[in-house]
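Participant: Return atomic coordinates for the entry below.
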Amino acid sequence: MKHRKPRPDNKKSAPLWMVTFSDLVTLILVFFILLFSMSQIDMVKFKALADSFRERQILEFYPSIIKTENPPTQPDIQSNTDQNQDGKDDLDNLVEEVQNYLEVNELSDVAVATRTERGVVLVLQEQVLFASGEATILPQAYAFMDKVGELLTSIPNMVKVEGHTDNRPISTSRYPSNWELSSARSSSVIRFLLEQHGLEPERFIAVGYGDTRPIVPNTTEENWLKNRRVELIISDPSYESITEPGQ
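Facilitator: Next comes the predicted model:
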């Protein structure tokens, strides 16, 4: 008995590349579906975030009835402005008091108090505080220095004390040059204020300029007297805030 050979199937099938292509299309579709679902989730999160900000603004607008341990502090711009304004008022009053004291005690010829942008500048000629070539405060200067200390006790301002000399050289075992003498004099003034009035040391700066900053030419005896001086600069807080330390 003869076996019949199976007839070949004449139906045409799709090319093999179509399978790969269809898989690729399916994957792309799935990818875009995922992107769409993720974008939807982000929108939900964004809406929730926006709602939370709106709720926070409402809550901060109305004061809370629950006391917090560390309540947020408000910006202190206004307080700083008030502090600067108060500092200027205090310095104006200080100038008036010092000027009145100088007039009453007939010291206006050897001591001057002026108001500048830096603050109050008190210029004391050498004979008010020291003997020639020395840096020990004279006993007769104690009353005036006590007045200065009393005024400084009532305000918190920084104080810079500058020592100045004339251009005539000095050469002693204690003060080999005008640098040492001017520095010692500024330090003596600060030491007196600290010891006698209990002022805070961190408020003070002592500087010795020697003969490098004369106020008049060193040409006459009268000018030498003017250049031998100690200056107390009681700083204006507003000036301190716009300048670097030491200027």
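Participant: residue boundaries of the helices in this structure?
Facilitator: Using DSSP state H, the helices of the chain run over 17-61, 77-104, 126-129, 142-153, 178-197, 221-227, 237-240.
Participant: Dump the fourth one to CSV, restricted to CA.
Facilitator: The reference is to helix 142-153. Taking Å, rounded to 0.1, in the frame of the first residue of the first chain, the C-alpha atoms of helix 142-153 are listed here in CSV:
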residue,chain,number,x,y,z
TYR,A,142,41.8,111.1,87.5
ALA,A,143,38.7,113.3,87.8
PHE,A,144,38.4,113.8,84.1
MET,A,145,39.1,110.1,83.3
ASP,A,146,36.4,109.2,85.9
LYS,A,147,34.0,111.3,84.0
VAL,A,148,34.8,109.6,80.7
GLY,A,149,34.5,106.2,82.4
GLU,A,150,31.1,107.1,83.9
LEU,A,151,29.8,108.1,80.4
LEU,A,152,31.2,105.0,78.8
THR,A,153,29.5,102.8,81.4
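Participant: quick one: buried residues of it?
Facilitator: Across helix 142-153, burial judged by 16 or more other CB atoms under 10 Å covers 144, 145, 148, 149, 151, 152. Quick note: C-beta positions are derived from backbone N, CA and C, even for glycine.
Participant: and for it, what are the contacting residues?
Facilitator: Residues outside helix 142-153 that contact it (CB atoms under 8 Å, 6 or more residues apart in numbering) are 94, 97-98, 101, 105, 107, 111, 122, 128-129, 137, 159, 189, 192-193, 196-199, 232, 234.
Participant: nearest spatial neighbour of residue 168, skipping sequence neighbours?
Facilitator: Take residue 168 and drop its neighbours on the chain: the residue closest to it by CB to CB, 6 or more residues apart in numbering is residue 224, 6.9 Å away.
Participant: dump the residue contacts of that neighbour.
Facilitator: 166, 168, 218.
Participant: quick revisit: can you flag the buried ones in the contacts of helix 142-153?
Facilitator: If you count burial by 16+ other CB under 10 Å, the buried members of the contacts of helix 142-153 come out as 94, 98, 101, 107, 111, 122, 128-129, 137, 159, 189, 192-193, 199, 232, 234.
Participant: What is the most widely separated pair among the residues you listed?
Facilitator: 107 and 199 (22.0 Å; CB to CB).
Participant: returning to what we had before: could you single out the nearest of the buried residues of helix 142-153 to residue 133?
Facilitator: residue 145 (20.0 Å).
Participant: domain parsing for this structure?
Facilitator: 19-64, 79-240 (automatic domain parsing).
Participant: which of those domains sits most buried?
Facilitator: domain 79-240 (a mean of 17; mean count of other CB atoms under 10 Å).
Participant: pLDDT averaged over it - what is it?
Facilitator: The pLDDT scores in domain 79-240 average 90.
Participant: For residue 178, which residues are in contact?
Facilitator: Applying CB under 8 Å, 6+ apart, the residues contacting residue 178 are 165, 167, 169, 170, 210, 211.
Participant: Repeat the analysis, applying 6 Å as the threshold.
Facilitator: 165, 170, 210, 211 (CB atoms under 6 Å, 6 or more residues apart in numbering).
Participant: shouldn't residue 199 be in contact with residue 191?
Facilitator: No - if you go by CB atoms under 6 Å, residue 199 and residue 191 don't touch, sitting 10.7 Å apart.
Participant: Excluding chain neighbours, give the residue nearest to residue 112 in space.
Facilitator: That would be residue 123: by CB to CB, 6+ apart, it lies 4.8 Å from residue 112.
Participant: got it, and residue 190?
Facilitator: Residue 190 sits nearest to residue 204 (CB to CB, 6+ apart), 4.7 Å away.
Participant: Look up which residues are beta-bridged to that neighbour.
Facilitator: residue 159 (DSSP bridges).
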